[in-house]
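Colleague: predicted coordinates and the sequence they were generated for:
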Amino acid sequence: MSSTFDLSADLAQVTDGVQPVTLVRRGAAGAAAQVVIAHALARAIAQREAAASDGRYTRSDVAWHLPVAELPDAPHPGDLLCESSGRRWTILEVQLVAVRTRWRCIARNLAISHGLDQVVTVLEAVYRKQPCGAAEPVWQAYRTGVPARIQPLRAEVVLSGQARRTVRRFRIYLGDLVPLDQRHRILAPDGAVYRVLSWSAAERIDQLPTAEIEAC
């Protein structure tokens with residue numbers, strides 16, 4: 001007698017493709033903010049599903065299947081699923097399926113969908129008093145390994161004293177939610193340093209935080 005595997009059955013019985021992931025709750029803190037799921041299964045969004053979604057799904061989306069038995073509470077849009085490899089998926093949609101035994105979560109890897117092809121370091125100013133009595137900033141690493149994409153925004157000619165100089169400004173997309181202000185600078189992989197002019201956190205879960213920066 002032959003038998004076939006049914007994905008709607010207990011995912012804990014699956015061995016091929018199952019992996020542990022960590023669910024990070026959006027806006028939560030403390031022990032409740034993270035839940036380790038031992039038997040998670042990711043499946044690529046089928047072409048017919050992407051077509052039927054009216055453009056809402058992209059090639060960087062997957063459907064994660066999570067056993068209900070391993071989650072004390074339902075996942076929600078905006079939560080993150082973090083793999084051991086470091087890849088992170090933002091949950092966009094949640095559906096209870098398979099006779100209420102698993103959660104099917106459509107999730108997006110924002111680093112892929114937004115083309116984050118660089119890794120930057122966020123520097124923070126630590127002010128130290130000098131022998132002359134003035135406090136001057138010393139720039140130290142605040143966050144390392146932040147996925148990012150830096151793209152030119154505009155160039156402006158400004159008057160500095162009696163001379164004119166060109167100021168080049170850029171927009172940076174960040175893969176991590178790192179609050180930025182005038183105390184921070186961005187160190188690019190090529191050694192270029194940028195000062196932060198403005199920062200905007202992403203209000204939509206399918207977008208990324210951005211900042212306007214200027215070459216130092």
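Modeller: Sure thing, it's come through.
Colleague: quick one: the spatially most central residue of the chain from residue 109, how far?
Modeller: What sits nearest the mean C-alpha location of the chain, by C-alpha atoms, centre = their mean, is residue 175, with 3.8 Å. For residue 175, the distance to residue 109 equals 10 Å [C-beta to C-beta, to the nearest Å]. Every residue, glycine included, has its C-beta placed from N, CA and C.
Colleague: which residues are common contacts for those two?
Modeller: Common contacts of residue 175 and residue 109 (C-beta atoms under 8 Å, 6 or more residues apart in numbering): residue 88.
Colleague: re earlier: enumerate every residue touching the residue nearest to the centre of the chain.
Modeller: 88, 110, 111, 116, 146, 147, 148, 208.
Colleague: could you find the closest non-adjacent residue to it?
Modeller: Nearest in space to residue 175, with sequence neighbours left out and distances taken as C-beta to C-beta, 6 or more residues apart in numbering, is residue 147 at 3.1 Å.
Colleague: now residue 26
Modeller: residue 78 (3.7 Å).
Colleague: ditto for residue 189
Modeller: residue 118 (5.8 Å).
Colleague: contacting residues for that neighbour?
Modeller: 147, 148, 149, 150, 188, 189.
Colleague: and the furthest pair within those?
Modeller: The span of those, defined through C-beta to C-beta, is set by 147 and 188 at 12.7 Å.
Colleague: where does pLDDT dip in this protein?
Modeller: Applying pLDDT under 70 to the chain picks out residues 1-16, 31, 46-55, 133.
Colleague: looks like residue 140 contacts residue 123 (just checking).
Modeller: Yes. Using C-beta atoms under 8 Å, residue 140 is in contact with residue 123, at 6.5 Å.
Colleague: how about residue 188, what does it touch?
Modeller: 118, 120, 150, 194.
Colleague: I'd like the distance between the first one and residue 158.
Modeller: Spelled out, that is residue 118. 27 Å.
Colleague: before we move on, what about the third one?
Modeller: Residue 150 sits 21 Å away from residue 158, taking C-beta to C-beta as the criterion.
Colleague: more neighbours: the two, which one.
Modeller: residue 150 (21 against 9; other C-beta atoms under 10 Å).
Colleague: then the more buried one would be within a helix, right?
Modeller: No. Per DSSP: H, G, I helix; E, B strand; the rest coil, residue 150 lies outside any helix segment and is strand.
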